[in-house]
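Trainee: All I have is the shape, not the residue letters:
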DNA sequence: AGAAACATGTAATCGGTTACATGATTAT
DNA sequence: ATAATCATGTAACCGATTACATGTTTCT
């Protein structure tokens, strides 16, 4: 078994007690979402199983209106289990991009659509970069800072590459319907 | 429906006829595997469905010993369907890394294990980079070249980041059992 | 002798996404 | 008013991975 949502929850809880909702936030804000993701539909059941197995325990905080907060924290057995999980050798890093898949066929796209596609992706990456770059008020752990730097380095590389090489695809798209051939 | 294996097969077949085996090779060699992946268990059924739907067709080449080669190619309807699929807006690019997840807990790792982890990952990235860098004999399509450049840019950024920042995690790992505290 | 490449396929299993269900409070 | 944030959970569905099944040829 590789690194699934259960292990991720275990890991994040080893950094401190948290609710399912807070765990989810980790993937949406901050550098962790740069290389990990999990949905509520995966997190809540994982937390349930982990509790059944005695690897985490849960303190319930009543709230008015909202559902009770369930703050989970690692048990000793959970700590041990996680120390164990830390020894697995990590699978390969993977970059997945539907965007690049589409660009594979840039030549068969209307030039304006192609340009729009690249513009949007660039906007997206610039936003992600800015998000990572704005330093956290309270600097997180060493690990988190390292992830942040990693993300920044990669996003910068991608933005730079896109900016300086888009013309390769775009001039070709023009040439596929060259002006002098439309006569 | 986003970009699933069926669409990927359709796209790769739009570049020329191929067998399931050849489609799979695309993900293992060459720049396409940099941002896409699919297993035989996904490709063969996808090819079957696509054939049933009349989007691709199959020419069977008998062979001795080996199973027959089934060379698939797009039909006109398939070409139209793919042109359609090209219009969807691509989901976000995602980078997933179990490796970075582990590094999140670098402080709780034996220093030699941490160093080994990073060494291995660096080796892996250098190999991938070399693989991308060795220019294809027959330069592929513009699109492929673009992907190649993208991968090279990203891998270089990651390697450089890892090389120049690993000490941040590693000196800390040392300090967790500092020499002067062991007295 | 053994591994790797060539070549296609099936089936069990599974992890996870998406959508649904509920509902108060606070910010725009 | 409307959207967003807070807060937890269930269930259907699904795509895909993994392992299995089979067998030859060629490279090391």
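Mentor: Alright, I've got the coordinates. Computed from a predicted model, the values in this text were never measured in an experiment. Residues are numbered from 1 along each chain as shown, chains lettered A, B, ... in the order given.

Trainee: Show me how chain A divides into domains.
Mentor: Residue ranges for the domains of chain A, per automatic domain parsing: A:5-85, A:98-182.

Trainee: which non-adjacent residue is nearest residue A:98?
Mentor: The spatial neighbour of residue A:98 that comes closest, neighbours along the chain excluded (C-beta to C-beta, 6 or more residues apart in numbering or on different chains), is residue B:90 at 3.6 Å. Where you see a C-beta, it was placed from the backbone N, CA and C, and this is true even at glycine.

Trainee: The closest residue to DNA strand C within chain A and chain B: what is the separation?
Mentor: The nearest approach of chain A to DNA strand C comes at residue A:41, 2.0 Å away (C-beta to the nearest atom of the strand). Residue A:41 is 18 Å from chain B, where distance means C-beta to the nearest C-beta, to the nearest Å.

Trainee: for residue A:166, same thing?
Mentor: Distance, residue A:166 to chain B, using C-beta to the nearest C-beta: 9 Å.

Trainee: what does residue A:87 give?
Mentor: As judged by C-beta to the nearest C-beta, residue A:87 and chain B stand 8 Å apart.

Trainee: likewise residue A:167?
Mentor: Per C-beta to the nearest C-beta, residue A:167 is found 11 Å from chain B.

Trainee: How far does whichever strand or helix holds that residue sit from its chain's centre?
Mentor: Following DSSP states H and E, the helix or strand that holds residue A:167 is helix A:142-175. Taking C-alpha atoms, centre = their mean, to the nearest Å, the mean C-alpha location of helix A:142-175 is offset from the chain mean by 16 Å.

Trainee: pLDDT below threshold where in chain A?
Mentor: Chain A contains residues with pLDDT under 70 at A:1, A:65, A:137-139, A:172-183.

Trainee: Walking through it, point out its strands one by one.
Mentor: Assigned by DSSP state E, chain A shows strands spanning A:56-61, A:69-74, A:94-96.

Trainee: Mean neighbour count and distance to DNA strand C for those - can I get that in JSON lines?
Mentor: Written out in JSON lines, the entries for the strands of chain A read as follows (neighbours: other C-beta atoms under 10 Å in any protein chain shown; distance: least, C-beta to the nearest atom of the strand, whole Å):
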{"stretch": "strand A:56-61", "mean neighbour count": "14", "distance to DNA strand C": "14"}
{"stretch": "strand A:69-74", "mean neighbour count": "18", "distance to DNA strand C": "11"}
{"stretch": "strand A:94-96", "mean neighbour count": "18", "distance to DNA strand C": "12"}
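
Trainee: Of these, which is nearest residue A:150?
Mentor: strand A:94-96 (12.6 Å; C-beta to C-beta).

Trainee: which bits of chain A sit near DNA strand C?
Mentor: Residues of chain A found near DNA strand C (C-beta under 7 Å from any atom of the strand) are A:1, A:4-6, A:37-42, A:46, A:64-67.

Trainee: if we take those residues, which one ends up nearest to chain B?
Mentor: Nearest to chain B among the residues of chain A next to DNA strand C, counting by C-beta to the nearest C-beta, is residue A:37 at 7.1 Å.

Trainee: any idea how far the residue nearest to that closest one when sequence neighbours are not counted lies from residue B:115?
Mentor: Closest residue to residue A:37 apart from its sequence neighbours, by C-beta to C-beta, 6+ apart: residue A:27 at 5.1 Å. Distance, residue A:27 to residue B:115, by C-beta to C-beta, to the nearest Å: 29 Å.

Trainee: Which of those two has more residues huddled nearby?
Mentor: Neighbours of residue A:27 and residue B:115, each counted by other C-beta atoms under 10 Å in any protein chain shown, are more numerous for residue A:27; the result is 18 against 15.

Trainee: That one contacts residue A:36, doesn't it?
Mentor: Yes - look at residue A:27 against residue A:36 with C-beta atoms under 8 Å: they come within range, at 6.2 Å.

Trainee: Residue A:17 - how many residues pack around it?
Mentor: Residues within reach of residue A:17, counting by other C-beta under 10 Å, total 14.

Trainee: quick one, what contacts it?
Mentor: When contacts are counted by C-beta atoms under 8 Å, 6 or more residues apart in numbering or on different chains, residue A:17 is found next to A:59, A:71-73.

Trainee: Sort out which residues of stretch A:2-14 are buried, please.
Mentor: Across stretch A:2-14, burial judged by 16 or more other C-beta atoms under 10 Å in any protein chain shown covers A:3, A:5-14.

Trainee: Then stretch A:20-30?
Mentor: A:20, A:23-24, A:26-27, A:30.

Trainee: Quick check: the gap between the residue of chain A found nearest DNA strand D and residue A:43.
Mentor: Here chain A gets closest to DNA strand D at one residue, residue A:21, 2.9 Å apart by C-beta to the nearest atom of the strand. Note on residue A:21: its distance to residue A:43, by C-beta to C-beta, is 9 Å.

Trainee: so can I have TSV of the strands of chain A showing distance to residue B:127?
Mentor: Listed next are these as TSV, based on distance: least, C-beta to C-beta, whole Å:
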stretch	distance to residue B:127
strand A:56-61	38
strand A:69-74	37
strand A:94-96	15
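
Trainee: Tell me which of those lies nearest to residue A:153.
Mentor: For residue A:153, the closest of the strands of chain A is strand A:94-96, at 13.6 Å, according to C-beta to C-beta.

Trainee: how about that closest one against chain B, any contact?
Mentor: Yes - contact between strand A:94-96 and chain B is present through A:94-96 (criterion: C-beta under 8 Å from any C-beta of the partner chain).
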